[in-house]
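Participant: Model the structure of this input:
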Amino acid sequence: MTPQFNGRALRSVPALAGVIALAVTGCARTSAGPADTAAADTGKVTVACGATEEWCAAMTAGFTSATGVEAEFVRLSSGEALTRIQAGRANAEFDVWHGGPADGYAAAADQGLLENYTSPNATAIPDRYKDKAGSWTGVYVGVLGFCNNTEVLGEKQVTAPDSWQGLLNPALKKNVGIAHPSTSGTAYTALWTQVLLNGGAEDGALAYMKKLHPNVLQYSKSGAAPAQQVARGEIGVGIVFSHDCVATREQGFPNLTVTFPAEGSGYEVGGVALVKGAHNPVSAKKYIDWALTAAAQEIGPTVKSYQAPTNPDAKKSDKTVDLTKVKLVEYDSVAAGTVKSALTRRFDTEVAQAPKE
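Facilitator: Take a look at the predicted model:
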């Protein structure tokens with residue numbers, strides 16, 4: 001399972017800056033946008049980080065190396081980050097939210113938890129990867145896929161599924177892994193994908209998830225956790241973002257393969273946003289400016305994070321999925337975020353808590 005920090009843990013990363021200095025060559029000590037002199041802060045930034053711990057450490061260290069501004073982070077799943085930001089409404093715990101699907105950011109913006117900020121570097125990011133009002137901007141794209149353990153599936157005489165319907169195979173009973181959509185942005189992306197594949201009907205999406213329920217071993221908290229379960233041979237298939245399966249395979253599990261559903265796959269736009277009431281707004285805006293640069297977005301592959309960058313000038317790893325070769329659904333992060341709380345409550349009551357046959 002992906003390592004998690006406890007509720008209060010913060011990781012300060014200036015000491016790590018040298019580790020990835022080569023990854024940010026050419027942008028050291030540069031400011032990506034004009035300084036905000038209307039507010040003062042402590043000259044550091046605290047980040048709620050929604051990607052892997054390694055990615056969070058590399059990104060915050062890269063920012064410090066590039067700007068000289070101290071950065072610290074707490075690694076949180078999408079649902080956890082939203083909950084913590086909600087709890088800090090009166091006294092913000094974080095300055096920036098970075099990483100994790102944009103539907104969580106849309107939900108936060110709808111609740112007035114984010115401050116609109118359009119970075120001067122946002123002009124390089126395609127419109128489909130950012131909020132028009134500036135509440136969040138996309139920094140990477142990840143595509144849902146199936147992470148398959150060919151040995152486990154071979155023992156069950158099941159081929160690696162290449163469709164959502166294939167996951168309903170009775171031979172996969174208790175052999176599918178997926179996180180809970182109330183805590184995991186990955187799992188919520190999967191749930192909203194079912195809404196779209198059912199013509200926008202939430203009832204249809206939940207009906208599918210009910211059919212899948214007997215095949216699910218457990219609903220984990222972290223979206224990347226099923227890839228680790230697959231690697232250990234606990235289950236045959238995990239519903240994860242494909243880059244998490246690729247990264248897990250590189251940890252020494254060559255029997256892992258990735259397939260994509262023929263009906264259409266959902267995707268995340270990982271965001272970055274300014275938290276409303278941030279105690280360090282100057283540093284926070286510098287962080288957002290930097291996160292949108294090509295140099296920043298090229299750091300991911302150095303720590304086995306193979307999401308596709310949103311900045312067209314960023315170099316892509318050959319291990320990053322080619323978005324033109326996967327059938328994608330028309331994913332609307334704002335629409336998904338608007339109903340997220342209500343839909344995840346329905347999932348918990350109607351699906352996750354239902355007895356298994």
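
Participant: Excluding chain neighbours, what is closest to Val195?
Facilitator: The shortest distance from Val195 to any residue other than its chain neighbours is 4.2 Å, reached at Ala205 (CB to CB, 6 or more residues apart in numbering). For every residue, glycine as well, the C-beta is placed using N, CA and C.

Participant: ok, now how distant is the one you found from Ala352?
Facilitator: 14 Å (CB to CB, to the nearest Å).

Participant: Which one's more surrounded, those two?
Facilitator: Counted by other CB atoms under 10 Å, Ala205 and Ala352 do not tie: Ala205 has more neighbours, with 24 against 16.

Participant: buried ones in stretch 245-252?
Facilitator: 245-249 (16 or more other CB atoms under 10 Å).

Participant: Now render these as CSV, adding pLDDT.
Facilitator: As requested, these are exported to CSV (pLDDT from 0 to 100):
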residue, pLDDT
Cys245, 97
Val246, 96
Ala247, 95
Thr248, 96
Arg249, 96
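
Participant: Looking at those, which is nearest Glu72?
Facilitator: Proximity of these to Glu72, judged by CB to CB, is greatest for Ala247, which lies at 23.8 Å.

Participant: Find the residue closest to the closest one in space, skipping its chain neighbours.
Facilitator: Excluding the flanking residues, the one nearest Ala247 by CB to CB, 6+ apart is Lys304, at 4.1 Å.

Participant: so what's that neighbour up against?
Facilitator: The neighbourhood of Lys304, defined by CB atoms under 8 Å, 6 or more residues apart in numbering, consists of 54, 246-247, 250.

Participant: same thing with Ser333?
Facilitator: Residues counted as contacts of Ser333 (CB under 8 Å, 6+ apart) are 101-103, 105-106, 269.

Participant: which residue packs closest to it, ignoring adjacent ones?
Facilitator: Sequence neighbours aside, Ala102 is the residue nearest to Ser333 in space, at 3.9 Å (criterion: CB to CB, 6+ apart).

Participant: Gln297: what's it in contact with?
Facilitator: 139-140, 291, 309-311, 314.

Participant: Tabulate the residues you listed (CSV), appending neighbour count, pLDDT and distance to Arg75.
Facilitator: Formatted as CSV, these follow (neighbours: other CB atoms under 10 Å; pLDDT from 0 to 100; distance: CB to CB, whole Å):
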residue, neighbour count, pLDDT, distance to Arg75
Val139, 29, 98, 16
Tyr140, 26, 97, 16
Ala291, 27, 98, 16
Pro309, 25, 97, 21
Thr310, 25, 98, 21
Asn311, 23, 98, 23
Ala314, 21, 98, 23
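
Participant: Distance to Thr123 added to those residues, as CSV?
Facilitator: Conversion of these to CSV gives the following (distance: CB to CB, whole Å):
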residue, distance to Thr123
Val139, 15
Tyr140, 18
Ala291, 14
Pro309, 15
Thr310, 12
Asn311, 11
Ala314, 15
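
Participant: Pick out whichever of the residues you listed sits closest to Val240.
Facilitator: Of all the contacts of Gln297, the one with the least separation from Val240 (CB to CB) is Tyr140, at 15.1 Å.

Participant: Helices of the stretch 251-357 of the chain, residue ranges please.
Facilitator: 281-291, 294-297, 333-338, 340-347 (DSSP state H, counting those that start in this stretch).

Participant: Which members of the contacts of Lys304 are positioned in helices?
Facilitator: Taking DSSP state H as the definition of helices, the contacts of Lys304 contribute 54, 246-247.
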